[in-house]
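1. Need coordinates for the below:
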Amino acid sequence: MNKNRRFNGLLVGTMLMAGTLLLTSIVIRNKGFEHNNFKALQPEVVETQRVWVRDYVDDGPSVWKVDNAIISIHYWWNGGDTVWPGIPTLYDAKNDANYFDLPMNITGYMFTRTSVSGEYWNNKTEDLNY
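-> Numbering: from 1, shown residues only. Below is the predicted model:
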């Protein structure tokens, strides 16, 4: 009985040591990950220019929002673009207009009318640029 008690004590002690070492290595690894990747998590500063929908839509933005439509923007530049038909614009209640802050390296853009689920709803502006 004494041998079993001693063996059980050694077994429990070994398991506690192994668990402590495992937990310590996980904590150290996570701290290292946070430190090494902190710089990558910082937002990239990009110079932008605000474009307003009301300046480009002849019928006025309210006509584009009929039947719960979303005013989206599709833009492109050298090396990439948004997925058609674009991404939702933002709304400024003070000016009662939709807008989007485009990066300065954009070569062209257009506003599109989309559904809440992102489907193109058959209305867009012509190709625009700054």
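2. Where does the prediction get shaky in the protein?
-> Segments of the chain classed as low confidence (criterion: pLDDT under 70) are 1-3, 27, 29-44, 79.
3. As a check, name the ranges of all helices in it.
-> Across the chain, reading from the start of the chain, the helices by DSSP state H fall at 2-41, 61-64.
4. quick one: buried residues of the last one?
-> Using 16 or more other CB atoms under 10 Å as the burial criterion, the residues of helix 61-64 that qualify are 61, 64. C-beta coordinates here come from the backbone N, C-alpha and C atoms, glycine included.
5. CA atoms only for it, dumped as PDB, please.
-> Taking C-alpha atoms only, helix 61-64 is exported to PDB below (Å, rounded to 0.1, in the frame of the first residue of the first chain):
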ATOM      1  CA  PRO A  61     -29.700  60.200 -53.600                       C
ATOM      2  CA  SER A  62     -33.300  59.600 -52.300                       C
ATOM      3  CA  VAL A  63     -34.300  58.100 -55.600                       C
ATOM      4  CA  TRP A  64     -31.400  55.600 -55.300                       C
END
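6. Which other helices and strands does that helix contact?
-> Other elements packing on helix 61-64 under the criterion 3 or more CB pairs under 8 Å, 6 or more residues apart in numbering; DSSP states H and E are absent; no helix or strand qualifies.
7. any residues touching that helix, and which ones?
-> Outside helix 61-64, the residues that touch it by CB atoms under 8 Å, 6 or more residues apart in numbering are 53-54, 57, 71, 96-98, 111, 113, 123.
8. Now list the buried members of these.
-> With neighbours counted by 16+ other CB under 10 Å, those contain buried members at 53-54, 57, 71, 97-98, 111, 113, 123.
9. Format those as TSV; extra columns: distance to Thr20.
-> Rendered in TSV, the data for these read as follows (distance: CB to CB, whole Å):
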residue	distance to Thr20
Val53	60
Arg54	64
Val57	65
Ile71	57
Ala97	60
Asn98	57
Phe111	59
Arg113	60
Asn123	64
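10. Farthest-apart pair in the residues you listed, please.
-> Looking at the buried ones among the contacts of helix 61-64 by CB to CB, the two members farthest from one another are Ala97 and Asn123, with 16.8 Å of separation.
11. What's the separation between Trp76 and Ile28?
-> Taken as CB to CB, to the nearest Å, the spacing of Trp76 relative to Ile28 amounts to 45 Å.
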